[in-house]
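**Student:** only geometry, no sequence info:
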Ligand SMILES: *Cc1c(COP(=O)(O)O)cnc(C)c1O
């Protein structure tokens with residue numbers, strides 16, 4: 001049986017896949033079994049930060065996998081310790097908890113928020129305020145955090161203690177936080193799955209001041225926006241704020257599963273022995289991969305992300321069939337006159353793989369996509385919009 005048939009017979013039917021099988025690739029080019037190549041403008045939903053089968057990334061993994069691939073968190077391993085140090089040094093955070101996915105990074109962030117509040121303000125202080133149209137993951141708790149009803153319907157009851165409020169409305173957030181005796185507020189600086197919608201900069205700063213004044217834990221979900229995607233290492237750095245907790249995953253290890261929850265000085269002692277754990281979290285191979293990725297997300301790379309952003313905006317703005325370009329850095333939303341799915345299908349026919357988010361075409365290319373490859377992809381997208 002061919003792959004597509006096998007998959008639809010045996011793999012749980014949770015994904016509506018595009019009719020393409022990918023067998024190999026290099027950088028921003030991937031190939032199907034017939035050798036047809038495509039420009040990959042989705043990078044596994046912002047995961048393959050330096051593209052497919054990148055040489056330096058591979059070497060870091062091979063070096064580590066030939067030493068030790070896993071030891072459990074009962075022992076010290078160097079990549080885990082070094083990665084935690086690098087993440088803290090690059091952000092000013094104090095501690096890191098490692099897990100395997102974005103949802104798990106958020107679960108940890110929520111646990112930190114709740115325990116911090118319970119320690120200081122007692123057991124009645126547990127509510128987490130999130131935003132409408134947010135996306136925080138698929139576990140029952142991160143679904144509860146996700147402010148989109150249609151994800152909730154079939155899985156009641158979800159974890160209690162989550163309330164979502166409209167984005168960019170600080171008055172309502174303040175009011176609801178007070179009414180519910182909130183423990184934490186959790187936001188994405190750019191709502192990714194929600195349609196590549198950046199929050200207002202002022203709203204982000206107001207959330208920071210309000211949470212600071214009321215000793216409420218501010219969590220920023222950087223699962224999609226993090227690790228260089230916005231042109232800064234973490235997107236919150238674009239707004240001159242310092243959150244209490246930051247969760248990240250997707251691009252962190254360049255294509256191996258790794259989640260991280262960064263914990264600020266204020267919350268650094270909240271999690272103690274036995275309060276949280278993960279068998280695979282901090283796995284030395286994933287951490288070695290992440291170390292190699294993080295070291296390459298330097299000022300030069302970040303500047304090139306911003307340049308590529310400027311190029312994309314210049315090429316697309318005012319183009320026929322393009323109504324709006326949203327996002328920051330290489331997190332790009334394109335509001336098209338035609339339905340986004342139609343544009344994406346047309347691009348696929350012409351050798352370019354794009355994503356959608358709500359009513360938009362979404363691009364999350366590799367951070368190091370070569371300019372000429374990017375140029376070719378943007379031309380194809382432009383002609384698909386007409
Ligand atoms: C993808 C995503 C998640 C969930 O990550 P998983 O690794 O799929 O669990 C959480 N939050 C945001 C903002 C995301 O984009």
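**Tutor:** Looks like it came in fine. In this text the structure is predicted, and so the values were computed from the model without any measurement.

**Student:** how much space between residue 368 and the ligand?
**Tutor:** 21 Å (Cβ to the nearest ligand atom, to the nearest Å). (Glycine included, C-beta is placed from N, CA and C.)

**Student:** How about residue 197?
**Tutor:** Noted for residue 197: a distance of 12 Å to the ligand, by Cβ to the nearest ligand atom.

**Student:** burial of that residue, as a residue count?
**Tutor:** Residues near residue 197, counting by other Cβ atoms under 10 Å, number 20.

**Student:** Can you pull the residues of this structure lying near the ligand?
**Tutor:** 101-103, 106, 135-137, 188, 192-193, 221, 223-224, 249-250 (Cβ under 6 Å from any ligand atom).

**Student:** So which of those are in helices?
**Tutor:** The members of the residues of the chain next to the ligand that map onto helices under DSSP state H are 102-103, 106.

**Student:** Which SSE is immediately downstream of the helix or strand bottoming out on mean pLDDT in the chain?
**Tutor:** When each helix and strand of the chain is scored by mean pLDDT, DSSP states H and E, helix 149-152 comes last, with a mean of 92. Proceeding N to C from helix 149-152, the next assigned helix or strand is strand 162-165, under DSSP states H and E.

**Student:** Just list what that following strand packs against, helices and strands only.
**Tutor:** Where contact means 3 or more Cβ pairs under 8 Å, 6 or more residues apart in numbering; DSSP states H and E, strand 162-165 is packed against strand 128-131, helix 170-179.

**Student:** The helix or strand following the first one - contacts with which helices or strands?
**Tutor:** In other words, strand 128-131. Following strand 128-131 in sequence order, the next helix or strand is helix 140-145 (DSSP H and E). Applying 3+ Cβ pairs under 8 Å, 6+ apart, we find helix 140-145 packed against helix 102-121, helix 149-152.

**Student:** Could you pull up the residues touching the residue most central in space within the chain?
**Tutor:** Residue closest to the average C-alpha location in the chain (Cα atoms, centre = their mean): residue 224, at 1.6 Å. By Cβ atoms under 8 Å, 6 or more residues apart in numbering, the contact list for residue 224 reads 45-46, 102, 188, 190, 192-193, 250, 331, 364.

**Student:** Could you export these to JSON lines, including columns for distance to residue 294?
**Tutor:** Shown next, in JSON lines, are the contacts of residue 224 (distance: Cβ to Cβ, whole Å):
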{"residue": "45", "distance to residue 294": "19"}
{"residue": "46", "distance to residue 294": "15"}
{"residue": "102", "distance to residue 294": "17"}
{"residue": "188", "distance to residue 294": "21"}
{"residue": "190", "distance to residue 294": "21"}
{"residue": "192", "distance to residue 294": "20"}
{"residue": "193", "distance to residue 294": "24"}
{"residue": "250", "distance to residue 294": "13"}
{"residue": "331", "distance to residue 294": "18"}
{"residue": "364", "distance to residue 294": "18"}
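
**Student:** Could you export those as CSV, including neighbour count and pLDDT?
**Tutor:** Shown next, in CSV, are the contacts of residue 224 (neighbours: other Cβ atoms under 10 Å; pLDDT from 0 to 100):
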residue, neighbour count, pLDDT
45, 17, 98
46, 26, 98
102, 27, 98
188, 26, 98
190, 24, 98
192, 26, 98
193, 20, 97
250, 29, 98
331, 26, 98
364, 29, 98
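
**Student:** Just those residues: which are in strands?
**Tutor:** Among these, DSSP state E puts 190, 331 in strands.

**Student:** Among the contacts of residue 224, which one sits closest to the ligand?
**Tutor:** residue 102 (2.2 Å; Cβ to the nearest ligand atom).

**Student:** Tell me if I'm right that the closest one and residue 226 touch.
**Tutor:** No: using Cβ atoms under 8 Å as the test, residue 102 is too far from residue 226 to be in contact (9.6 Å).

**Student:** residues shared between the contacts of the two?
**Tutor:** Counting by Cβ under 8 Å, 6+ apart, the contacts common to residue 102 and residue 226 are 248-250.

**Student:** ok, now which ones touch the closest residue to residue 211 other than its chain neighbours?
**Tutor:** Excluding its sequence neighbours, the residue lying closest to residue 211 (Cβ to Cβ, 6 or more residues apart in numbering) is residue 218, at 4.2 Å. Under the criterion of Cβ under 8 Å, 6+ apart, the contact list for residue 218 reads 184-185, 187, 207-208, 211-212, 243-245.

**Student:** Neighbour-wise, which one of those leads?
**Tutor:** Highest neighbour count within these, by other Cβ under 10 Å: residue 245, with 30 neighbours.

**Student:** Would you check how far apart that one and residue 119 are?
**Tutor:** Residue 245 sits 15 Å away from residue 119, going by Cβ to Cβ, to the nearest Å.

**Student:** tell me the pLDDT at residue 213?
**Tutor:** We have a pLDDT of 98 for residue 213.

**Student:** sorry, back to before: narrow the contacts of residue 218 to those in helices?
**Tutor:** 207-208, 211-212.

**Student:** Give me the below-cutoff pLDDT ranges for the protein.
**Tutor:** When residues are selected by pLDDT under 70, those of the chain lie in 1.

**Student:** Out of the helices and strands packed on helix 140-145, the one nearest residue 309 is which?
**Tutor:** Smallest distance to residue 309 across the helices and strands packed on helix 140-145 (Cβ to Cβ): 22.8 Å, for helix 102-121.

**Student:** Brilliant, that's me finished.
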